[in-house]
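Asks: this one's sequence-less:
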């Protein structure tokens, strides 16, 4: 498995002013790299000064000077591509840029004694060498190897493609106005000339097909280069199991000791990888998708270790070319994230019922009482099963779960909720609703055991044709069950987008999410879910997304979709899921 390893945090990493200066320096380097790239491209198509060209003619033949012009243009194009990668602190991009700048300096001198362009490239080269310690973000090693193999293979294919084409289609071309009969060696040399001479060695297509073939050689070369570049600068990928047995054991030990919410239980699901703080006392459970490393909830561990854990996780992400993200963070940690330079946006509210005061009396609870009385009279009943859950019950619950997924026209979600996995559900309480004939028509699994006398709802599933009020009957009865067991709270879990962007002082991002909540219910019934939970008159507690900057939100959104869907994107975007 390709598992990135933590590195010691530099003493200066927690200095926010130094981080800001470094970021400014990165922007300057990226802009200067783009500038050098554009200057190279312009210089490559601009005639050399006559007096300089006369001096070069004494030393270099025309073919060498023309090759320098092509090399300068190629260097300019590559520098433009590398500029954004330098902004990401990519070590691979730094190495490539240093090498290309050396080529740029030499090619500009050879093509026209253009020392101005070479001096500009030299200034950038010195700056990059002085900042070499800043470029620590790693690329995905298997992807680098794959990119190099793909590049070499594609170069060989391009050479074979061009050679075969010129060998077969030689009657379609002229060279310097004369018909040509390409042999094998001449075909190879002509293919190479397409990339290393300014006039393609005098090649002249005689018809449209010949012109298409010549251009196709450039297209193959460009696609090859772009693919290799993408692979060489790809962020680190997690392959195989995201955590090994030892890591899962250590995470479980910390979570059992310090977990304070239902997210702690979900942090133990097998889709999570783990980052352990330098002290080893805290853990961050995360999923890495694309450039986003999305942690579920706040770091879990002692409060006095929280600051160092967040800072170390950010450094760990920086080295792997990831954005550190905390999903469903609690409000009491916002000041810490703000002090460390993160941004926050509310993403919803958790519905929490105080079991010490909950009752079904009063007009507001009339619908709940009606649901309980009506379903009880029709022979419905509820039973709460304690862990460990038997295999026989799983066999009876599975058809209900499958039918519910079919109703929703979707598939199991991941990351911030559980899924129908007997290994996971075996350690949960499961509330089951039976009809008058003893058939199971609905169920929900409930999470406990995270150092609080609170129970949290996870899956809520039912058959297609159930009596109206079945889910109200299920939860009203379950709430009373755990109330009698001495629990303090009942958590309906996150109500996505609830309470987001409703106040005049809300952030623009939150107002945009509020529009989604109000108008896109045909895709996600967030509003209906919120209204269902509201029936139980809960206390609403806000939850937040913590992220580095506004520019990262698009990558984070894609990462969240991938994490939530388990990379089944087509299932994720089906209506009703």
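Replies: Good, I have the coordinates. Just so it is clear, the model here is predicted, and its values are computed rather than measured.

Asks: low-scoring pLDDT stretches of the protein, where are they?
Replies: Flagging of the chain using pLDDT under 70 yields the residue ranges 1-16, 62-63, 66-67, 139-144, 146-147, 196-199, 232-240, 410, 498-526, 566-577.

Asks: Give the partner strands of the biggest strand by length in it in its sheet and their orientations.
Replies: Identified as the longest strand of the chain according to DSSP state E is strand 343-354. The pairing partners recorded for strand 343-354 under DSSP bridges are strand 489-496 (antiparallel), strand 539-547 (antiparallel).

Asks: hey, which of those strands is tucked in deepest?
Replies: strand 489-496 (a mean of 22; mean count of other C-beta atoms under 10 Å). In short, each C-beta sits where N, CA and C put it, glycine included.

Asks: Which residues are in contact with residue 541?
Replies: 330, 331, 349, 350, 352 (C-beta atoms under 8 Å, 6 or more residues apart in numbering).

Asks: what number of residues lie near the last one?
Replies: I take that to be residue 352. Around residue 352 there are 18 other residues, counting by other C-beta atoms under 10 Å.

Asks: mind listing what's buried in the host helix or strand of residue 325?
Replies: Per DSSP states H and E, residue 325 falls inside strand 323-329. By neighbour count on 16 or more other C-beta atoms under 10 Å, the buried set for strand 323-329 is 323, 324, 325, 326, 327, 328, 329.

Asks: unless I'm mixing things up, the fifth one is touching residue 557, no?
Replies: When you say that, I think you mean residue 327. No. Contact criterion C-beta atoms under 8 Å: residue 327 and residue 557 do not qualify, at 11.5 Å.

Asks: Spell out, range by range, the helices that occur in the stretch 101-250 of the chain.
Replies: 115-130, 141-168, 184-196, 208-232, 245-258 (DSSP state H, counting those that start in this stretch).

Asks: can you tell me which of those helices comes nearest to residue 478?
Replies: Minimum separation from residue 478 across the helices of the stretch 101-250 of the chain (C-beta to C-beta) falls at helix 245-258, 24.4 Å.

Asks: ok, back up a step: tell me the one of the buried residues of strand 323-329 nearest residue 317?
Replies: Nearest to residue 317 among the buried residues of strand 323-329: residue 324, at 4.2 Å, using C-beta to C-beta.

Asks: where's the closest one relative to residue 31, distance?
Replies: Noted for residue 324: a distance of 25 Å to residue 31, by C-beta to C-beta, to the nearest Å.

Asks: Kindly report the same for residue 180.
Replies: In this view, residue 180 and residue 31 are 47 Å apart by C-beta to C-beta.

Asks: And for residue 415?
Replies: For residue 415, the distance to residue 31 equals 37 Å [C-beta to C-beta].

Asks: of these two, who's got more company?
Replies: Legend: neighbour count by other C-beta under 10 Å for residue 415 and residue 31, higher for residue 415 (24 against 13).

Asks: And the protein, split by domain according to the record?
Replies: Annotated domains of the chain cover 16-134, 141-232, 245-342, 356-487 [automatic domain parsing].

Asks: Centre of the chain to the last one, how far?
Replies: Remark: domain 356-487 is offset 33 Å from the chain centroid, using C-alpha atoms, centre = their mean, to the nearest Å.

Asks: What of the first one?
Replies: Between the centre of domain 16-134 and the centre of its host chain there is 32 Å, according to C-alpha atoms, centre = their mean.

Asks: what's the distance between residue 75 and residue 68?
Replies: From residue 75 over to residue 68 the distance is 10 Å, taken as C-beta to C-beta.

Asks: Give me the common contacts of the two.
Replies: Residues touching both residue 75 and residue 68 (C-beta under 8 Å, 6+ apart) are residue 107.

Asks: the more surrounded of these two?
Replies: residue 75 (27 against 23).

Asks: got the contact list for that one?
Replies: By C-beta under 8 Å, 6+ apart, the residues touching residue 75 are 37, 40, 100, 101, 103, 104, 107.

Asks: What of residue 480?
Replies: Counted by C-beta under 8 Å, 6+ apart, residue 480 has contacts residue 360.

Asks: So it versus residue 536, what's the distance?
Replies: Relative to residue 536, and taking C-beta to C-beta, residue 480 is found at 11 Å.

Asks: List the contacts of stretch 327-344.
Replies: Here stretch 327-344 has contacts from 16, 19, 261, 263, 294-298, 306-307, 310-311, 314, 326, 347, 415-416, 494, 541-550, 560, using C-beta under 8 Å, 6+ apart.

Asks: Show me which residues of it are buried.
Replies: For stretch 327-344, the neighbour count (16+ other C-beta under 10 Å) marks 327, 328, 329, 330, 333, 336, 337, 340, 342, 343, 344 as buried.

Asks: hmm, which two among those are most spread apart?
Replies: Most distant of the buried residues of stretch 327-344, by C-beta to C-beta, are 328 and 340, 18.1 Å apart.

Asks: for the host helix or strand of residue 20, packing partners?
Replies: Assigned by DSSP H and E, residue 20 belongs to helix 16-44. The contact analysis (3 or more C-beta pairs under 8 Å, 6 or more residues apart in numbering; DSSP states H and E) places helix 16-44 against helix 62-87, helix 91-112, helix 115-130.

Asks: is it possible to export those helices to TSV including distance to residue 408?
Replies: TSV is the format used below for the helices and strands packed on helix 16-44 (distance: least, C-beta to C-beta, whole Å):
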stretch	distance to residue 408
helix 62-87	40
helix 91-112	43
helix 115-130	53
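
Asks: So which of these is nearest residue 244?
Replies: That would be helix 91-112 among these, by C-beta to C-beta, at 26.0 Å.

Asks: angle of the closest one against helix 141-168?
Replies: Interaxial angle, helix 91-112 versus helix 141-168 (axes from the mean of the first three to the mean of the last three C-alpha atoms, to 10 degrees): 40 degrees.

Asks: Which other helices and strands does helix 91-112 contact?
Replies: helix 16-44, helix 50-57, helix 62-87, helix 115-130.

Asks: Which of the three states applies to residue 278?
Replies: coil (DSSP: H, G, I helix; E, B strand; the rest coil).
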